[in-house]
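Structure for this input, please:
(one chain, ligands or ions: 1)
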Amino acid sequence: MREAENIQSLEEFGCIDMIGFIFYPQSPRFVYELPSYLPTHSQRVGVFVNEDKQVIATYADRFGLNYVQLHGNESPEYCRSLSTHGIKIIKAFSIANIQDLENVCKYEEVCDYFLFDTKCKQYGGSGSQFDWNILRTYNGKTSFLLSGGINMNSIQLLKIFKHPRLAGYDINSRFELEPGKKDTKRIQEFLHKLETI
Ligand SMILES: O=C(O)c1ccccc1N[C@@H]1O[C@H](COP(=O)(O)O)[C@@H](O)[C@H]1O
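Numbering: from 1, shown residues only. As a prediction, the model looks like this:
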């Protein structure tokens, strides 16, 4: 997210655990300036793709980031060296089949969360869902966020999908008015349906 009012009105829901800022210059959601309001209750997450560690540290300071979400081909060593600097790590993995989970175990101990996203041509923000049944074979210790194209029509499937390490849902492009601007009404409706239906 990148607009102060938009961030503030979403945070007012009181149940959004994390709000993300995309620091990948090729993304249409790239955050090019510091918003005049930053979340105070929701955790601040910076999203990076194969970024220089010094650049990440600079953004982490400037935005007061609680987490960095690494959405590229970052190695376990790279994650470890960031985490030893006190930065909490969410490592994203692109999933299309069971084999895509093979390398995930190498990242145990060096990440706070994993994030399972749909494999696509670009690095993220595809708006497409993958087959969550693949995650039934994930038996690691690290909790994960479910991501990739989650939308209003995902609710029934979200309710059915259970996993002992599932920590939360990550919503992005399917809840936007335009890139980087969330449709707060649609999100409110989504949250309501998730609780009630
Ligand atoms: O959204 C982007 O532009 C983006 C660019 C580079 C890396 C990650 C990006 N977004 C992340 O992708 C997932 C899934 O998003 P979607 O629901 O499929 O649109 C999410 O974690 C975004 O933060």
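
Apart from its neighbours in sequence, what residue is nearest the residue nearest the centre of the chain?
What sits nearest the mean C-alpha location of the chain, by CA atoms, centre = their mean, is Asp170, with 5.3 Å. Beyond its immediate neighbours in the sequence, the residue positioned closest to Asp170 (CB to CB, 6 or more residues apart in numbering) is Ser147, lying 3.8 Å away. Where C-beta positions appear, they are placed from N, C-alpha and C, glycine not excepted.

Am I right that the one you found is in contact with Lys119?
No - between Ser147 and Lys119 there is no contact under CB atoms under 8 Å: 11.7 Å.

Just want to know which of those two has more residues nearby.
Neighbours per residue, other CB atoms under 10 Å: of Ser147 and Lys119, the larger number sits with Ser147, 26 against 14.

so where's the protein shaky on pLDDT?
For the chain, the stretches flagged by pLDDT under 70 are 197.

Strand partners (parallel or antiparallel) of the strand ranked longest in it?
Secondary structure of the chain read by DSSP state E shows that its longest strand is strand 88-95. Strand 88-95 has these partner strands in its sheet, going by DSSP bridges: strand 67-70 (parallel), strand 113-118 (parallel).

packing partners for the helix or strand following the last one?
Remark: after strand 113-118, the chain's next helix or strand is strand 144-146, criterion DSSP states H and E. Judged by 3 or more CB pairs under 8 Å, 6 or more residues apart in numbering; DSSP states H and E, the packing partners of strand 144-146 are strand 113-118, strand 166-169.

Can you tell me which of those is most buried?
Mean neighbour counts were taken over these using mean count of other CB atoms under 10 Å, and the top value, a mean of 22, falls to strand 113-118.

Other residues contacting that one?
Outside of strand 113-118, the residues that reach it under the criterion CB atoms under 8 Å, 6 or more residues apart in numbering are 67, 69, 71, 89-96, 104, 107, 124, 126, 128-130, 135, 138, 140, 142-149, 167, 170.

That one and the ligand, are they touching?
Yes - using CB under 6 Å from any ligand atom, we find that strand 113-118 touches the ligand at 115, 117.

Quick check: residues of this protein near the ligand?
Counting by CB under 6 Å from any ligand atom, the chain comes close to the ligand at 20, 22, 24, 27, 29, 47, 49, 71, 115, 117, 123-127, 147-150, 170, 172-174.
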